[in-house]
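Asker: Give me a 3D structure for the following:
(chains A and B)
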Amino acid sequence: MAGDALTSSEYIKHHLTNLTFGQHPDGSWGIAHSASEAKEMGFWAIHLDTMFWSLLLGALFIYFFSKAAKSATQGVPSGLQNFVEWIVEFIDTSVRGSFSSRNALVAPLALTIFVWIFLQNLMDLVPVDVIPSISGMLGIHFMKVVPSTDPNATFGMAIGVFLLVLFYSIKIKGIGGFAGELTLQPFSSKNPIVNLIFVPINFVLEFVSLIAKPISLALRLFGNMYAGEMIFILIAIMYNAGLVLGLFGGVLQLGWAIFHILIITLQAFIFMTLTIVYLDMAHHEH
Amino acid sequence: MNINLTMIGQLLSFAVFVWFTMKYVWTPIMGALETRKKEIADGLAAAERGQHEQELAKERAKDVLHEAKAQAAEIVAQAQKRAAEIVDESKGTARAEGERILTAAQAEIEQEANRAREQLREKIGLLAVTGAEKILRKEIGADAHQDIVAALAEEI
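Answerer: The predicted structure follows:
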């Protein structure tokens, strides 16, 4: 789809449009044929490409990991088991380092986040035109292969983490304790009337910082991956601009891809670490 | 870049993946790691114990060797003492035997000598008598001088 017929802006726009399934304005259900059509579908639409790739990658993750887990022996590990154990131990060390309470959910959660996000980000290293052109040949017009460049994917995970933070905050501290945490700090006074005045101010401050957790989680990952994807797309435009620029673009793409290996790992790690830290905060009284 | 149902779908699949990981990935792998850790610790402890035991055994072996050496030395000393005793004893026995043989031989010699002397005495008596007879035959008969002959024979 390195579009001879498309202008650069059309090419970019095309690459940034998801394969959206939803209700058309005329009431029929189907796949949107353009970006504006997808926008009109509103909330009750679903990005088939994001769902497909993220589910595929997630299934790949649990397939290999559970395969390693099923045949896990206490003897000398080999091959896949060794690799899986290496990741599991790395996650375990991270969780032990940042999470001081006891909760059996946190470590598997961290493992899922790290590997799943890493795999989603890894799709960014597939040259931007390869999968869309294959799907184009199969008649699928839009194909965005990196799920983490779709804010829906990152917000989905961030909201999942946020719900866990809320759940454990209330479970550990009680509704009163959690409400107190939101309203009785950072400002407090010995005078109960002054304290009452501080309540709304405290609530605004604490609520913002609370709500900032999932939003920053989601937007950090989305922003980094979206920007990286955008640079790959811009480099890909160079391929249409003659031999010299095309070769230059190839070198750039290689360099950016190598640099991107660092980014995709780092972003997966940051998402995981912040999740652990937020859950740790939920387990502690201030 | 529209926020839509995809978000809910992602949230649900995220939950399922986390649940699956917790149940079928994390628990068995951590179990295996834990078991291996324990096994390694046990192995190290056993090795240490083995080493300790080896040291003890070495010590014991040294003791046993020492004891054996002492015992051997004692046995040798005893044997030497016994040998000396035996030698002394046999020396004594030999001396006694020699003396006994010597005494017996002396007695026999004496007996022999006595017998020889007796025989000699008899022969000399006879010879003297024969001589005297021969002399006396010329002068007197033997019957007449029998008392002299007897006295002579007695003197010899």
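Asker: so what's the residue in chain B positioned nearest to chain A closest to, chain neighbours aside?
Answerer: Proximity of chain B to chain A (Cβ to the nearest Cβ) peaks at residue B:10, 2.7 Å away. Using the backbone N, CA and C atoms, a C-beta is placed for each residue, glycine as well. For residue B:10, ignoring the flanking residues on the chain, the nearest one in space by Cβ to Cβ, 6 or more residues apart in numbering or on different chains is residue A:156 at 2.7 Å.
Asker: What helix or strand is that neighbour located in?
Answerer: helix A:151-183 (DSSP states H and E).
Asker: Residue B:8 too?
Answerer: helix B:5-20.
Asker: From what I see, residue A:116 and residue A:61 are in contact.
Answerer: Yes: with contact defined as Cβ atoms under 8 Å, residue A:116 counts as touching residue A:61 (5.8 Å).
Asker: what mean pLDDT does the helix holding residue A:156 have?
Answerer: Regarding helix A:151-183, the rounded mean pLDDT is 90.
Asker: now for the following helix or strand past it, which elements pack on it?
Answerer: With elements assigned by DSSP H and E, the helix or strand that comes after helix A:151-183 is helix A:192-238. For helix A:192-238, the packing partners by 3 or more Cβ pairs under 8 Å, 6 or more residues apart in numbering or on different chains; DSSP states H and E come out as helix A:8-15, helix A:106-122, helix A:151-183, helix A:243-282.
Asker: Pipe the ones you listed into a markdown table and attach distance to residue A:49 and mean neighbour count per row.
Answerer: Output for those, formatted as a markdown table (distance: least, Cβ to Cβ, whole Å; neighbours: other Cβ atoms under 10 Å in any protein chain shown):
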| stretch | distance to residue A:49 | mean neighbour count |
| --- | --- | --- |
| helix A:8-15 | 11 | 16 |
| helix A:106-122 | 12 | 25 |
| helix A:151-183 | 11 | 19 |
| helix A:243-282 | 19 | 16 |
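Asker: Switch the ones you listed over to a markdown table; also include distance to residue B:22.
Answerer: Converted to a markdown table, the helices and strands packed on helix A:192-238 look like this (distance: least, Cβ to Cβ, whole Å):
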| stretch | distance to residue B:22 |
| --- | --- |
| helix A:8-15 | 36 |
| helix A:106-122 | 4 |
| helix A:151-183 | 12 |
| helix A:243-282 | 14 |
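Asker: which stretches of the chain have low pLDDT?
Answerer: Looking at chain A here, since you left the chain open. Applying pLDDT under 70 to chain A flags residues A:1-6, A:74, A:286.
Asker: I was thinking of chain B, sorry if that wasn't clear
Answerer: In chain B (pLDDT under 70), the answer is B:1, B:137, B:139-145.
Asker: Spell out the residue ranges of the helices in it.
Answerer: Here chain B has its helices, by DSSP state H, at B:5-20, B:27-138, B:146-155.
Asker: Residue A:224: which of these is closest?
Answerer: The closest of the helices of chain B to residue A:224 is helix B:5-20. By Cβ to Cβ, the value is 17.5 Å.
Asker: who in chain B is up against chain A?
Answerer: B:1-11, B:13-15, B:17-18, B:20-22, B:24-33, B:35-36, B:39 (Cβ under 8 Å from any Cβ of the partner chain).
Asker: try 7 Å this time
Answerer: Residues of chain B found near chain A (Cβ under 7 Å from any Cβ of the partner chain) are B:1-7, B:9-11, B:13-15, B:17-18, B:20-22, B:24-26, B:28-29, B:32-33, B:35-36, B:39.
Asker: just the buried members of these?
Answerer: Neighbour counting by 16 or more other Cβ atoms under 10 Å in any protein chain shown classes B:2, B:4-7, B:9-11, B:13-15, B:17-18, B:20-22, B:24-26, B:28-29, B:32-33, B:36 among those as buried.
Asker: Distance of the residue of chain A most remote from its centre relative to residue A:197?
Answerer: Using Cα atoms, centre = their mean, the residue of chain A lying farthest from its centre is residue A:191. It sits 45.3 Å away. The gap separating residue A:191 from residue A:197 is 9 Å, by Cβ to Cβ, to the nearest Å.
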